[in-house]
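1. Structure for this input, please:
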Amino acid sequence: MTTPRVFIARHGETAWSLSGQHTSFTDLPLTANGEKRVAATSRAMVGKDRLIDPRHLLKVYVSPRLRAQRTFELLVGHEQQCGPERVVIDDRVQEWNYGDYEGLKTAQIRALRREKGIETGHEWDIWQDGCENGESPEEITRRLDEVIAEIHELHSQNQTAVRKDVMIVAHGHILRSFAMRWVRRPINENPALLLEAGAIGVLSYEHNNVDEPAILLGGAFIVPDDDENDDDGK
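-> Next up, the predicted model:
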């Protein structure tokens, strides 16, 4: 069995990701620069001789937000080998619901909490405190653990010589949380993980074992097998 991977792709730049405003349900488009950068990432990283081979994508989870869907289109949507039957728009990978903090920067959120007299013994930290009238770390954990269990099952059922990867196209906080839960760590440990707008991270398994999920710190490009058709793709 070729060890499968999970690619976590954050949507491209928006006006609010650029300014540092928390964006969950506000449906902002990508900026022009965001579109250009995702298209450049696709040219460099997606194709049969690249890091991500669309033919080997067993399933793609995409957030319902338009910025994530547009990012998917720019990354792999034009690849005929990744058919629409493999792509699922899934609420479970939408961004952390920021509730009352939607559109605010971290400094503004902390100032608002001080005005309200919310005392926690530390400055606001989403990983520990969650969001007023939004989601808590426990709620995020529950929905992500469902997705992770589903992916583990998919990989367990597809132990073949052909690589069967999964991709998630979503958002910064939810994907950082996903990476922590993938390696079975609580997200309230304040993960020191970064994922730039438009960036792609890679998760996999140690020892080719689906019971040993791991973060893949460096992933090699894929060289097509000799018996794979060469006349299509990038």
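2. quick one, phi/psi of S204?
-> The phi/psi pair for S204 (degrees, to the nearest 10) reads phi -160, psi -150.
3. wait, what's in contact with it?
-> Residues counted as contacts of S204 (Cβ atoms under 8 Å, 6 or more residues apart in numbering) are 3-6, 213-216, 219. For the C-beta atoms, the positions are set from N, CA and C on the backbone; glycine is no exception.
4. Can you tell me which of those residues is closest to E206?
-> Closest approach between the contacts of S204 and E206, by Cβ to Cβ: A214, at 4.4 Å.
5. from memory that closest one sits against V183, does it?
-> Yes: assessed by Cβ atoms under 8 Å, A214 is found in contact with V183 at 6.5 Å.
6. of the contacts of S204, buried ones?
-> 3-6, 213, 216, 219 (16 or more other Cβ atoms under 10 Å).
7. quick one, longest helix in this protein?
-> For the chain, the helix with the greatest residue count under DSSP state H is helix 137-157.
8. Only C-alpha atoms, please: export it in PDB.
-> Output of helix 137-157 as PDB, limited to C-alpha atoms (Å, rounded to 0.1, in the frame of the first residue of the first chain):
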ATOM      1  CA  PRO A 137     -13.100  24.400  21.300                       C
ATOM      2  CA  GLU A 138     -15.200  21.400  22.300                       C
ATOM      3  CA  GLU A 139     -17.700  22.000  19.500                       C
ATOM      4  CA  ILE A 140     -14.900  22.300  17.000                       C
ATOM      5  CA  THR A 141     -13.300  19.100  18.200                       C
ATOM      6  CA  ARG A 142     -16.500  17.200  17.800                       C
ATOM      7  CA  ARG A 143     -17.200  18.100  14.200                       C
ATOM      8  CA  LEU A 144     -13.600  17.700  13.200                       C
ATOM      9  CA  ASP A 145     -13.300  14.300  14.800                       C
ATOM     10  CA  GLU A 146     -16.200  13.100  12.700                       C
ATOM     11  CA  VAL A 147     -14.400  14.100   9.500                       C
ATOM     12  CA  ILE A 148     -11.100  12.500  10.700                       C
ATOM     13  CA  ALA A 149     -12.900   9.200  11.600                       C
ATOM     14  CA  GLU A 150     -14.400   9.300   8.100                       C
ATOM     15  CA  ILE A 151     -11.100   9.800   6.400                       C
ATOM     16  CA  HIS A 152      -9.400   7.000   8.400                       C
ATOM     17  CA  GLU A 153     -12.200   4.700   7.300                       C
ATOM     18  CA  LEU A 154     -11.800   5.700   3.700                       C
ATOM     19  CA  HIS A 155      -8.100   5.000   3.900                       C
ATOM     20  CA  SER A 156      -8.600   1.700   5.700                       C
ATOM     21  CA  GLN A 157     -10.900   0.600   2.900                       C
END
